[in-house]
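> This is a predicted model, with the sequence first.
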Amino acid sequence: MASTHPVLGAPLSAAVGAHGACMKLVTAAVRACTLVLLSGCGVAQQAQREKLEAEVKAKIAQAVLACHSQPFRTSVARAQCRNDAEAQARPFFPYPDLLDERLAARLALAEKVDRKQLSESEAQLAFAQRRARPAESVDPVRLGLAPSRCGGGPRSARSSRAASS
């Protein structure tokens with residue numbers, strides 16, 4: 001004689017099957033809730049990062065304005081002030097090594113101005129041109145300029161310019 005479940009009145013084997021299905025449903029619901037909660041943490045972290053980044057940008061803008069409002073004896077001193085201000089953004093730069101190269105280029109040009117090898121306007125033009133093109137030593141794969149494993153891929157800016165000439 002098959003025994004029956006005291007509450008369900010169903011054969012015990014059917015009750016165990018129903019209990020297993022119920023546990024699977026509860027487990028799936030717990031997993032779904034956990035995923036929702038964890039994704040909420042990611043959203044909160046992203047919002048916190050964006051707030052911090054905005055605060056740092058505001059501090060940088062203030063520091064840059066302070067640099068522009070001060071008289072400096074040398075171009076190197078002015079460049080160092082500006083570099084110190086911009087270096088605060090390093091944690092938020094996707095490629096901090098490019099920021100380092102930019103800061104080093106500004107300082108090198110300022111040294112040339114102080115040695116009278118360049119005029120202030122020539123240095124500003126050279127810095128603007130440097131900012132307009134990526135560094136030659138940059139890894140093209142990291143910038144998405146190298147062909148993918150599947151072949152093809154985007155062309156580099158240099159090959160695009162050559163093709164359009």
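Noted; the coordinates are in hand.

> So residue 80 sits against residue 103, correct?
No - Residue 80 is beyond contact range of residue 103, at 9.4 Å (criterion: C-beta atoms under 8 Å). Glycine gets a C-beta too; all of them are placed from N, C-alpha and C.

> Quick check: residue 59 touching residue 87?
No - at 11.6 Å, residue 59 and residue 87 do not qualify as touching, with contact defined as C-beta under 8 Å.

> State the mean pLDDT of stretch 44-64.
For stretch 44-64, the mean per-residue pLDDT is 84.

> Other residues contacting it?
Residues outside stretch 44-64 that contact it (C-beta atoms under 8 Å, 6 or more residues apart in numbering) are 81-82, 84-86, 88-89, 91-92.

> now these in JSON lines, with secondary structure and distance to residue 72?
JSON lines is the format used below for the contacts of stretch 44-64 (DSSP: H, G, I helix; E, B strand; the rest coil; distance: C-beta to C-beta, whole Å):
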{"residue": "81", "secondary structure": "helix", "distance to residue 72": "7"}
{"residue": "82", "secondary structure": "helix", "distance to residue 72": "10"}
{"residue": "84", "secondary structure": "helix", "distance to residue 72": "13"}
{"residue": "85", "secondary structure": "helix", "distance to residue 72": "13"}
{"residue": "86", "secondary structure": "helix", "distance to residue 72": "16"}
{"residue": "88", "secondary structure": "helix", "distance to residue 72": "19"}
{"residue": "89", "secondary structure": "helix", "distance to residue 72": "21"}
{"residue": "91", "secondary structure": "helix", "distance to residue 72": "27"}
{"residue": "92", "secondary structure": "helix", "distance to residue 72": "27"}
